[in-house]
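Visitor: pasting the structure only:
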């Protein structure tokens, strides 16, 4: 079964919805206009319930099927990024310095397309909970929605989400059972030494050399402290210090990111990083404070739900266009919090050749909206079929 014919009929409408959302990008939890537009459309579709003000501007809409049954959750993110759009599109961002550079306007549109179809046909038992989430890019809106009790409040039993994938063929699905996207942590090291004249380094305790030493030593965690078969990335991304060429500064700042899948590996990194910072500080005669910030956990797909989702994807795109045991990604995703709360699956959907995610020339491919909407709709109909 390819794209659902009725959803294919919505293609132009979906393009209009998506391009309107593209013009009104909002950051973090402050998705006021986006949420209002989503709620307005949901009302016209005739959904049964619309619950707003979850995680500040999140929405959960309920569509009731025919007869008793469980509730399945479908999630889309709504927030944008603090990036200035480079392309001069007819529907370009109307807010300078903000744009939908990750396709969340498209994710929201795909879920809206599924909502319109499901509210019209109701060819399923139980209920579907449509989760429109703010703040995926920062803070973790999924975490906040889970902490505010959406899973219990709406009795959600399983949950699914899609993300567009530039560079993958249009309509191709990729997922994998178990860990799929990495946990993301952030570290900061603040170093304090004793500044002085660049011509008299013996009278200083140089934080620049300490920063270089710590940055290099941190890399040995990957090469010498963990098994080569365990995925681990540690990247030092910032070193800030100094003002002019002839002054040794008083302080230095190091910042970076850590990506892991295994909690034991994550704990090992935390321990070794603390030891390295303390040891290097002593060796260089400075003081150094490590701030290790634990971020989004790993996105871990339930094996059974992933197999089921892949079967649905095959109905939509065909066997050759579904990779059910794809490679793990070192990027992170706050949908991880929902998968910690309930079994489910996260999938990528190819959108063809385009600029990459988080790039100022990126734009979501409207051609894949009916594909994603059909996937969501058939997922509900197959998970909760009528008796």
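Guide: The structure has been received and is ready for your questions. What you are looking at is a predicted structure, and each value in this text was computed from that prediction instead of being measured. Numbering: from 1, shown residues only.
Visitor: tell me, which helix in this structure spans the most residues?
Guide: As assigned by DSSP state H, the longest helix anywhere in the chain is helix 263-284.
Visitor: Buried ones in that one, by neighbour count?
Guide: Buried residues in helix 263-284, defined by neighbour count with 16 or more other CB atoms under 10 Å: 265, 266, 268, 269, 270, 272, 273, 276, 277, 280, 281, 284. All C-beta spots, glycine's among them, are computed from the backbone N, C-alpha and C.
Visitor: Report the contact partners of the first one.
Guide: Shown in contact with residue 265 (CB atoms under 8 Å, 6 or more residues apart in numbering): 226, 230, 232.
Visitor: I'd guessed the second one sits against residue 261; true?
Guide: If I follow you right, that is residue 230. Yes. Between residue 230 and residue 261 a contact is recorded at 7.5 Å, counting by CB atoms under 8 Å.
Visitor: out of these two, which sits in the more crowded spot?
Guide: Per other CB atoms under 10 Å, whichever of residue 230 and residue 261 has more neighbours is residue 261, with 21 against 13.
Visitor: my guess is that one contacts residue 298, does it?
Guide: Yes. Applying CB under 8 Å, one finds residue 261 in contact with residue 298, separated by 5.0 Å.
Visitor: Now do the shared contacts for these two.
Guide: Taking CB under 8 Å, 6+ apart as the contact rule, residue 261 and residue 298 both touch 179, 182, 183.
Visitor: The helix or strand of the chain with the lowest mean pLDDT - contacts with which helices or strands?
Guide: Within the chain, no helix or strand scores below helix 5-8, which has a mean of 95 by mean pLDDT, DSSP states H and E. For helix 5-8, the packing partners by 3 or more CB pairs under 8 Å, 6 or more residues apart in numbering; DSSP states H and E come out as helix 104-121, helix 369-383.
Visitor: quick one: contacts for the residue nearest to residue 114 when sequence neighbours are not counted?
Guide: Spatial nearest neighbour of residue 114, excluding adjacent residues (CB to CB, 6 or more residues apart in numbering): residue 376 at 3.6 Å. Listed by CB under 8 Å, 6+ apart, the contact set of residue 376 reads 74, 110, 111, 113, 114, 160, 162.
Visitor: Tell me how far the last one lies from residue 356.
Guide: Spatial separation of residue 162 from residue 356 under the definition CB to CB, to the nearest Å is 18 Å.
Visitor: Those two: who's more crowded?
Guide: residue 162 (30 against 12).
Visitor: Off-centre distance for the helix or strand hosting the more buried one?
Guide: Per DSSP states H and E, residue 162 falls inside strand 156-165. Computed by CA atoms, centre = their mean, to the nearest Å, the chain-centroid distance of strand 156-165 equals 11 Å.
Visitor: re the thing from before, I'd like the average pLDDT over the longest helix of the chain.
Guide: Helix 263-284 carries an average pLDDT of 97.
Visitor: I'm done for today, thanks for sticking with me.
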